[in-house]
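> kindly return the folded structure for what I paste below:
(2 chains, ligands or ions: 2)
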Amino acid sequence: MTEQSTVTAAAGAVDAIKVYGTGDSEVRALDGITVSFEAGRFSAIMGPSGSGKSTLMHCLAGLDSLSSGAVFIGETYLASLNDKQLTELRRTNVGFIFQAYNLIPTLTAYENITLPLLLGGSKGDDEWIDRVITAVGLRDRLKHRPSELSGGQQQRVAVARALASKPTIIFADEPTGNLDSRAGAEILEFMRRAVREFGQTIVMVTHDPVAASYADRVIFLADGRIVDEMQQPTAERVLDRMKRFGE
Amino acid sequence: MFRLSLRNVWARKGRLLLTALAIIAGTAFLSGVFVFSDTIKGSFDSLFTTAYSKTDAFVRSADKVESDFGDATRGRVPDSLVPTVRAVPGVASANGDVQGFALVTSASGTNLGNGNAPNFGGSFSPDSTTTPWAVVQGRAATNGTEVVLDKQSSDTGKVKIGDTVKITAKAGVQDFTVVGIAKFAGHDSSLGATWALFDLPTAQAFVAQDPGKVDAIVVGGDGSVSQTTLAQRIEAALGPDSKTETLTGQQITAENQSQIEKGLSFFKTVLSIFALISLAVGSFIIYNVFSISAAQRQRENALLRAIGASSGQVTRSMLAEALAVGIGGSLLGFVGGLGLATGITRLLDAIGLGLSDSSLTVKPNAFVYTMVAGIAVTLACGVAPALRAGKVPPLAALRDVSVDRSDISRSRLVVGFSFLVIAVLAIIGGLTGTTILLAIGVIALFVTLIALGPLFAGPFARLATPALTKVRGVVGAIAGRNASRNPKRVALTAGALGVGLALLVGVAALGSSIKSSIRETVGQQFLGQYTITGSGSTAGSEGVLPLTVAASVAKLPEVAGATGVGAAQVHIANAAGQNIGKLVALIDPVSAAKTINLTFVSGGWNDLTADALIVSKSKADAEHLVPGDVVQVGFLDGTTTQLTIRGVFDDKNAGVLSGNFIADRQLAATTGVDVFDAQIYIVRAPGVSDAQATAAIESVVKNFPSAKFQTREQFISSQTNQVDTLLNVIYALLAMSIFIAVLGIVITLLLSVYERRRELGLMRAIGTTRAQVRGSVRWEAVLTALIGTAMGVGLGIALGWIVVKALADQGLNSFTLPVQSIVVFAVVAVVLAVLAAWLPARRAAKADILAAIATT
Ligand SMILES: Nc1ncnc2c1ncn2[C@@H]1O[C@H](COP(=O)(O)OP(=O)(O)OP(=O)(O)O)[C@@H](O)[C@H]1O
Ligand SMILES: [Mg+2]
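Ligands and ions are numbered 1, 2, ... in the order given. As a prediction, the model looks like this:
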C-alpha cells in the first residue's frame, strides 16, 4: 500500500463540531476539526487533558454523533447511517482498543479475538487469524479467560481482536495507559508491525511522547482544534512540542 | 448509621422496588386470602343475622346425627306442638318450618340456579312475624299446586307469575303455578341459593314427605320478656317428653355462624397454604436480590469499612435496609391483597355465586398476619447477605474484586446433602402419618434446593452452552456463558420456578394416577352400560335424584337391573356403644348383584338382607368387626335398629361405592331420613339393542329434571373430569407461585444487566447489534427457565411418586406419569421466560457505549 502514489484516506472529519451542554455550561469539545487519516499509516493524536481527543475518536468511530460537520470511514459518511448500519460498520470496518475493560469476561481469549467475526456470522479467515495470534504471541493462552491473563496479555488480545476482521481502521484510546513501559512497548511495537506488515490503518490517542514516537505522524489538539502536526516524530520532538502547551 | 441505610434505601429506589415487588406479590396473596375469607364469613354472618333477626326462640328436635364436619342432621317434631307453643305467654307468633331440597325447572326446561349454590324448598307462612321472606309481587302460595320463588332465581330463569314450573323434591316431580316472587330480607337472593316457597302442608308432603312433622317451630315474642325467659317458658310448656330443645334467637344465629366458620376455616387453611407457598417462592427471589445487591455494593461497603465503619455497622445497615423494604413491601402487599380479594369477589358475583353484600370485611388480624409474615420473611432473607457484607475486608475497596463469586464451598455441599437426607427421612416418616414431619420434610427439601441448586445449575448451563451455540451462534454462546457465570444466582432464580413447577408436576402426577385408578376400578366394578346422575344440590349432598327414578327405570323391560346408590346419616355403634360410623350407603341388593361387582372378602350381595350390614375391609380391620357381629344403628328420628354384619368387601380401590357401610335401602324408608340417590347404575337386558335401551331410559329420565342420562364411557369420563376440575383449581392457586418465579427472572436479569452494563457497552462498541444483545438476554432467560423446569420436573415426579405410593392403601393402584402436563408446563415456562426477558433485554440493548468505555 505504501507503494501507492496517491494515498487514500481511511477515515476523516470535515468541519467537525461537537458541543456538550447549552448556555453557561456549554463545552465545545470539538471546535471545527478537519482532518484525514491516510490508509496504511499509524497516526497519533496528542493534546492536553480535555482537549477533545477522545471525543474526536468517538465521533470518527461512530460511537457518538457530531453537532455539525461530517465524518467518514472509507467512502461512507456516518451521518447517513441508522443505528443498525452503524453497528454493522463498526463490526466490519472499525477495530477498537481501549485503555481498560477491553474484553468480555465470560469469553476465552480466542473467543474474544474472533468475536466481531462471529457476531457477523462469518467464520473469518483462519489463516489470517492464525497469523495475528502468532504475531501477538498468545498461542498458549487462547483458552484462558481475561481474568486469568495479565494486563499486557489482555491488551494483546484486544489488539488481536481489533485486527481479526481486517478493519478499514483501528482506533486506540490510550492503549498503553494502564501498562508498565515494557508491556506498553510490546503493544506499540506490535501495532507498528501491523501497519508495516499488514498495511493496517491505526489511529491512536496517547499522552505518552514515547508511544507517539511509534507513529508515522502526530496531530496535536488543544481546545477542540488542531494546533499542530508532526511527521516521523521522535520522543524528544514530541516532548518539546508538548511542553509548549504548558506555556 | 441508620440514617445512612435510609439514604441507601432512597438512593437505590429502582433496585429496592424490585426487591419489594417480590415481597408485594408474596404478601398480597396472603392478605387476599385473609380478607376474602373474612368477607365470605361476614356475608354468611349477616345472612344468618338477617334470617333470624326477628326470631326470639327456636324449637327443634333433640334427636340428631352429627356429621364429621361438625354440623348435625336432626329429626323432625310433630306440628301438633305448634298450638302449645303459641299458647305460651309472651309468644306473639309461632310457625312450623320445613326446609329441604327442591329443584325448580322452568317451562323451557332449564333448571334454576347457578349449579353451585344449593336448591332449597321450604314453607312460608305470610302471617309469620319471624320469616325473613317478604312477597314483593303476587301473593303467598295457598295450596298444593302453588309456589313462590325467590326474585333472583325467577329473574335469571325468566319465570313470571302465572307460569307453570316443574319442581323436583323428595316426593318426586310435580307441576306448580308460580303465584308470587319473594325477597330475602330485602335482597333478591340469599347468597345465590334458589328457593321454592310452599304453604306448610305442601312443604310437609312434597319437600319433606313427612306430613304432620316440621323441622322447627320458629317463635316471635311480643317483647314482654327476654329471649332467654321466653325460651325457658316454651321448654317448660313442651316438657321433656316432647324430645325437643328450645334455643333463643341469638343462640340459633350463633350456632349457624359458628358452623359456617368451621366450614370456612378448612377452606381458609387450604388457601393459606398456597399463599405461604407463594411467599416461600418469593423468598428465593428476595434472598437473591439481597445477595446480588450486597455483591454489587461490596466496593462501597469495603470503603465504609476502610474509613472506620465496624463490621457490625455494615451488617446492621444492610439489615435496616431489609427491614425498611420488608415494611414497605408488606404494606403494599396488604393493599394488593385488598385488590385481589375485591377481584375474586367480583368474579364470584359474575359467575352467580354472589355474596349479598360485596363490601370487603377487613379485620385487624389480616393486617397483622400479613405484615408479620412479610417482614419476617424479608428479614430472614436479608440476614445471610448482611452478614456476608459485614465480613468484607476493607482492602476489597482497593482491589478490583470480581463481583461474581461462584465457587461452591464444601460447607454448602455438607449442608445440602444433610438436608436432602433429612428431607427424605422426614417425608417418608410424614407419609406414614405425622403431618408435621411432612412439613419439615418439604421445608428441608427447599433448603436442599437452595444449597444444592448451584451444583446442578452450573453444569447444566455449561453443558447446554455448546448446543445453544449450535442453534444461535455467538449470541447463544454468550447467553450460555452468562447463565453459567454465577451458578448460585441462576440456581436461586431457577429454583423459585422449580419449586412452583415441582408442586404443579407433583399434583399433576397425583391427579393422573387418581384418574387412571378411577378408570380402572370403576371400569371393573361397574358392570352395566348406562348411568343416571343427579344434578342440583342441597346442603350436604350433591346430586339429588328422587328414589322414584331408580324404581321407574328398574321397571323397564329393556333394563335388567337398575341400582340407585344413596346415603343416609346415621349413628352406628358397636357392641360397646362406641360410635364407629356416621354414614351408610343405601342400595338395593337384588339389582346390585347385576350392576356392581364388589370384591367380597366374605359374604356377598345375597347376604345383604334387611337386617344386615356390609362393612369395608379397612373399617372391619380397624374396628375388629367380623361377620356375625351386631351393631346398633340410630336414626334421625331417635329410633334404633340392630343390624348384623354379614359381609366384608375389599375397599383397597375406591370405586363406585364410597364409604364403609352398605345397607339395604328399605332400612331408611320409615325413619325420617331424607334419602336421595346420587347415582343410578343400569344394566341392559339381554337381546336389547343400545338404541332401544337408550330410548327407553331417556323416556323415563325426561320426566325428572334433576336426572341426567350418561353412557358408561361418559360416566367414567365425568368421574375423571371431577379430578380435572380439582386439578385446575390447584393449578390456579399455584399460578401465583409461578408468577412470582417469573417476576424473579425479570428481577434477576435486570440486576445482572445493570451489573454488566460496561461489558454490554463494549459489546455494542465492537459491533454487536441491539437485536443480538436482546437475543443473548432472552436465551439466558430461557436457559434459566430450562434449569428451573429440569429441577421442578425432577422434584415433582419424585414428590408425586412418593405421595402416590403413600396413598397406595387408599386405592391408588399405580403411578402414572403425566407426560402431557409436563410438556405443557415446560413449554409454558419457556414462553414465560421469553416474556420475562422482554424488559431486561430492552435495557441491555440500550446499554450506553460511551459510558462503558469511559476509563473511570
Ligand atoms: N458527555 C459529556 N458531557 C459534557 N461534556 C463532556 C462530555 N464528554 C466530554 N466532555 C467535555 O469535552 C471536552 C473534551 O473531552 P474529551 O474526553 O474528548 O477529552 P480528552 O482530550 O480525551 O481528555 P483526556 O486526555 O483527559 O482523556 C472536555 O472538556 C470534557 O469535559
Ligand atoms: Mg480521553
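
> which helix is the longest one in the chain?
Unless you meant another one, I'm taking chain A. helix A:181-198 (DSSP state H).

> oops, I was thinking of chain B
Longest helix in chain B, counting by DSSP H: helix B:435-485.

> which strands and helices lie in contact with that one?
If contacts are counted by 3 or more C-beta pairs under 8 Å, 6 or more residues apart in numbering or on different chains; DSSP states H and E, helix B:435-485 sits against helix A:109-119, helix B:249-296, helix B:410-431, helix B:487-525, helix B:770-806. Placement of C-beta: from N, CA and C, glycine included.

> pull out the buried positions in the next helix or strand after the longest one.
Tracing the chain C-terminally past helix B:249-296 and defining elements by DSSP states H and E, one meets helix B:298-306 next. For helix B:298-306, the buried set under the neighbour-count rule, 16 or more other C-beta atoms under 10 Å in any protein chain shown, comprises B:Gln298, B:Arg299, B:Asn301, B:Ala302, B:Leu303, B:Leu304, B:Arg305.

> and which of these is nearest chain A?
Proximity of those to chain A (C-beta to the nearest C-beta) peaks at B:Arg299, which lies at 15.3 Å.

> so how far is A:Arg193 from the closest one?
Per C-beta to C-beta, to the nearest Å, B:Arg299 is found 39 Å from A:Arg193.

> dump the longest helix of chain A to CSV, keeping only the CA atoms.
Extracted in CSV, the C-alpha atoms of helix A:181-198 (Å, rounded to 0.1, in the frame of the first residue of the first chain):
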residue,chain,number,x,y,z
SER,A,181,6.7,0.6,30.0
ARG,A,182,7.8,-2.9,28.9
ALA,A,183,4.3,-4.2,28.3
GLY,A,184,3.4,-0.9,26.6
ALA,A,185,6.4,-1.1,24.3
GLU,A,186,5.4,-4.6,23.3
ILE,A,187,1.9,-3.4,22.4
LEU,A,188,3.2,-0.4,20.5
GLU,A,189,5.8,-2.5,18.6
PHE,A,190,3.1,-4.9,17.6
MET,A,191,0.8,-2.1,16.4
ARG,A,192,3.6,-0.7,14.3
ARG,A,193,4.2,-4.1,12.8
ALA,A,194,0.5,-4.3,11.9
VAL,A,195,0.8,-1.2,10.0
ARG,A,196,4.1,-2.0,8.3
GLU,A,197,3.5,-5.7,7.5
PHE,A,198,-0.3,-5.9,7.1
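
> so for it, mean pLDDT?
In this model, helix A:181-198 has an average pLDDT of 89.

> the next helix or strand after it packs against which elements?
Remark: after helix A:181-198, the chain's next helix or strand is strand A:202-205, criterion DSSP H and E. Counting contacts by 3+ C-beta pairs under 8 Å, 6+ apart, strand A:202-205 packs against strand A:42-46, helix A:53-60, strand A:169-173, helix A:181-198.

> of the ones you listed, which is nearest B:Asp651?
B:Asp651 lies closest to helix A:53-60 among these, at 81.2 Å (C-beta to C-beta).

> buried ones in the first helix or strand past that closest one going along the chain, by neighbour count?
Next along the chain after helix A:53-60, taking DSSP H and E as the criterion, comes strand A:68-73. The neighbour-count check on strand A:68-73 (16+ other C-beta under 10 Å) flags A:Gly69, A:Ala70, A:Val71, A:Phe72, A:Ile73 as buried.

> ok, back up a step: out of the helices and strands packed on strand A:202-205, which gets nearest to B:Ile580?
helix A:53-60 (88.4 Å).

> is the closest one in proximity to chain B?
Yes. Where contact is defined by C-beta under 8 Å from any C-beta of the partner chain, part of helix A:53-60 touches chain B, namely A:His58.

> does that helix come close to ligand 1?
Yes. Against ligand 1, helix A:53-60 shows contacts by C-beta under 6 Å from any ligand atom at A:Lys53, A:Ser54, A:Thr55.

> pick out whichever of those residues sits closest to B:Ala509.
Looking across these and measuring by C-beta to C-beta, the closest to B:Ala509 is A:Ser54, at 61.4 Å.

> I'd guessed the closest one sits against A:Thr206; true?
No. Between A:Ser54 and A:Thr206 there is no contact under C-beta atoms under 8 Å: 11.4 Å.

> give me the pLDDT for A:Gly246.
Confidence score, pLDDT, at A:Gly246: 64.

> residues contacting whichever residue of the stretch 601-750 of chain B sits closest to ligand 1?
Residue nearest to ligand 1 within the stretch 601-750 of chain B: B:Leu750 (24.8 Å; C-beta to the nearest ligand atom). Contacts of B:Leu750 were listed using C-beta atoms under 8 Å, 6 or more residues apart in numbering or on different chains, and they are B:Leu18, B:Leu839, B:Pro840, B:Arg843.

> so which other helices or strands are in contact with the helix or strand containing the third one?
Taking DSSP H and E as the definition, B:Pro840 sits inside helix B:838-845. With contacts taken as 3+ C-beta pairs under 8 Å, 6+ apart, helix B:838-845 sits against helix B:712-755, helix B:770-806.

> just checking, what packs against the very next helix or strand once past the last one?
Put plainly, it is helix B:770-806. As assigned by DSSP H and E, the chain's next helix or strand after helix B:770-806 is helix B:819-836. With contacts taken as 3+ C-beta pairs under 8 Å, 6+ apart, helix B:819-836 sits against helix B:487-525, helix B:712-755, helix B:770-806.

> please consider this matter closed, and thank you.
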